[in-house]
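S.K.: mind looking at a prediction? Sequence and model below.
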Amino acid sequence: MKKGTSIFLFLITFLGITLFSCKLEFDDTNLYDKPGVDLSDKQVTLIIPKVNSKTKYLNVYRRDKENDVVTTIALLNHPLALLNDNKNYRFIDKLIKDGHSYDYRVRYNIDGEYYYTKWSDVIEIKASEFDSCYYESDNLTFRTTGVSLKYNKDKQTIEINGTIVEPDFPEYITDSYYPMLIIQSETATQTFALPSIASGTTLPLLGLLPPEFLDTELTINGIVGQKMIFDDDSKPIEDRLIKEVIWTEPTAIKVTGVGSSQKIVVPSQLGTDGFDYSASIY
């Protein structure tokens, strides 16, 4: 287990957001203006305007123009992620590769409703122009070749079979990132902390999933690295607030024991009713 994993598991909260690679299709009317992209510091910096004081959080999507695949790469919590000007948010995309071209889109959660921006200008990544971009040979994602998750319906557990290879970029190696399992229900997709990715690790789903993920069809979409940035690391653990969440690109993983539907259903378990015992006679 990585150093600091116990702190991470103490702080992790369930984030109800779409993560897995997909093609985003929207009605391109009534969209907010595209986020700005600043390249002046030889890095990709998104400048995202604050549009409503009732914003809860923002999702940042990136589209790789080589394959038109869109992934969620960040979540910014309002108002913690606001800059000092109280008008903009800033996100620096550090997991970029030489020779790729990207554009970006933002989704605002405003008072429980979702609102999207237009796509940003396309940015072409060239190693000669960026200080810290990666190369195609660099491993920025988990590798799951030959790995499977075995679902046990009777025990409602998942067991890792095989060797999952972690990303090997510097920030991941220095304990900033943690492995997360991506699970999709009929209404949400969330990330859940994996205490270990070692072969033979067994995850009890009833202890892992929140109530809204029980008694409904679920799909396991893959594994992703997750990093959380807090408002103040000097605070006691229980007082820290999540300012920003960053994800690697996700990696699919084979699931066995689920049949052709690839769906699982974890039933809730309720205790039996006790006897009526009132603490007061009045």
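M.R.: That came through fine. Residues are numbered from 1 along each chain as shown.

S.K.: domains in the chain, by residue range?
M.R.: 31-129, 148-225+249-265 (automatic domain parsing).

S.K.: any chance of those domains in a markdown table, with mean neighbour count, mean pLDDT and distance to Ile242 too?
M.R.: Yep, even glycine has a C-beta here, placed from its N, CA and C like the rest. Written out in a markdown table, the entries for the domains of the chain read as follows (neighbours: other C-beta atoms under 10 Å; pLDDT from 0 to 100; distance: least, C-beta to C-beta, whole Å):
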| stretch | mean neighbour count | mean pLDDT | distance to Ile242 |
| --- | --- | --- | --- |
| domain 31-129 | 16 | 94 | 6 |
| domain 148-225+249-265 | 17 | 93 | 13 |
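
S.K.: which one of those lies nearest to Asp231?
M.R.: Taking C-beta to C-beta as the measure, these were each checked against Asp231, and domain 31-129 came out nearest at 5.3 Å.

S.K.: what's the end-to-end length of that closest one?
M.R.: Criterion C-alpha to C-alpha, to the nearest Å; first-to-last residue distance in domain 31-129 is 31 Å.

S.K.: check the secondary structure at Tyr116 for me.
M.R.: Remark: Tyr116 carries the secondary structure label strand [criterion: DSSP: H, G, I helix; E, B strand; the rest coil].

S.K.: so how far is Val122 from it?
M.R.: In this structure, Tyr116 and Val122 are separated by 18 Å, where distance is defined by C-beta to C-beta, to the nearest Å.

S.K.: what's the answer for Ser196, then?
M.R.: Using C-beta to C-beta, one obtains 39 Å as the distance from Ser196 to Val122.

S.K.: repeat that for Ser268.
M.R.: As for Ser268, its distance to Val122 is 46 Å (criterion: C-beta to C-beta).

S.K.: please apply the same query to Thr251.
M.R.: In this view, Thr251 and Val122 are 25 Å apart by C-beta to C-beta.

S.K.: out of everything not next to it in sequence, what's closest to Val147?
M.R.: Leaving aside its chain neighbours, Val147 sits nearest to Gly162 (3.5 Å; criterion: C-beta to C-beta, 6 or more residues apart in numbering).

S.K.: an error on my part: the question was meant for Ile229.
M.R.: Skipping the residues right next to it in sequence, Ile229 comes nearest to Glu244 by C-beta to C-beta, 6+ apart, at 4.1 Å.

S.K.: now Asp138
M.R.: Across the structure, with C-beta to C-beta, 6+ apart as the measure, the residue nearest Asp138 apart from its sequence neighbours is Phe169 (6.2 Å).

S.K.: dump the longest strand along the chain to CSV, restricted to CA.
M.R.: Taking DSSP state E as the criterion, the chain has its longest strand at strand 217-230. Coordinates of each C-alpha in strand 217-230 appear next as CSV, following Å, rounded to 0.1, in the frame of the first residue of the first chain:
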residue,chain,number,x,y,z
GLU,A,217,-27.8,-2.5,-12.6
LEU,A,218,-24.1,-1.6,-12.4
THR,A,219,-21.2,-1.7,-15.0
ILE,A,220,-17.6,-1.7,-14.0
ASN,A,221,-16.0,0.6,-16.6
GLY,A,222,-12.3,0.4,-15.6
ILE,A,223,-9.6,1.7,-13.4
VAL,A,224,-8.2,5.3,-13.2
GLY,A,225,-5.6,7.2,-11.2
GLN,A,226,-6.9,9.9,-9.0
LYS,A,227,-5.2,12.8,-7.3
MET,A,228,-6.9,15.2,-4.8
ILE,A,229,-5.7,18.7,-4.1
PHE,A,230,-6.9,20.3,-0.8
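
S.K.: any idea how far that strand is from the middle of the chain?
M.R.: Computed by C-alpha atoms, centre = their mean, to the nearest Å, the chain-centroid distance of strand 217-230 equals 5 Å.

S.K.: what's that strand packed up against?
M.R.: Of the remaining helices and strands, those touching strand 217-230 by 3 or more C-beta pairs under 8 Å, 6 or more residues apart in numbering; DSSP states H and E are helix 5-11, strand 178-184, strand 189-193, strand 242-247, strand 264-265.
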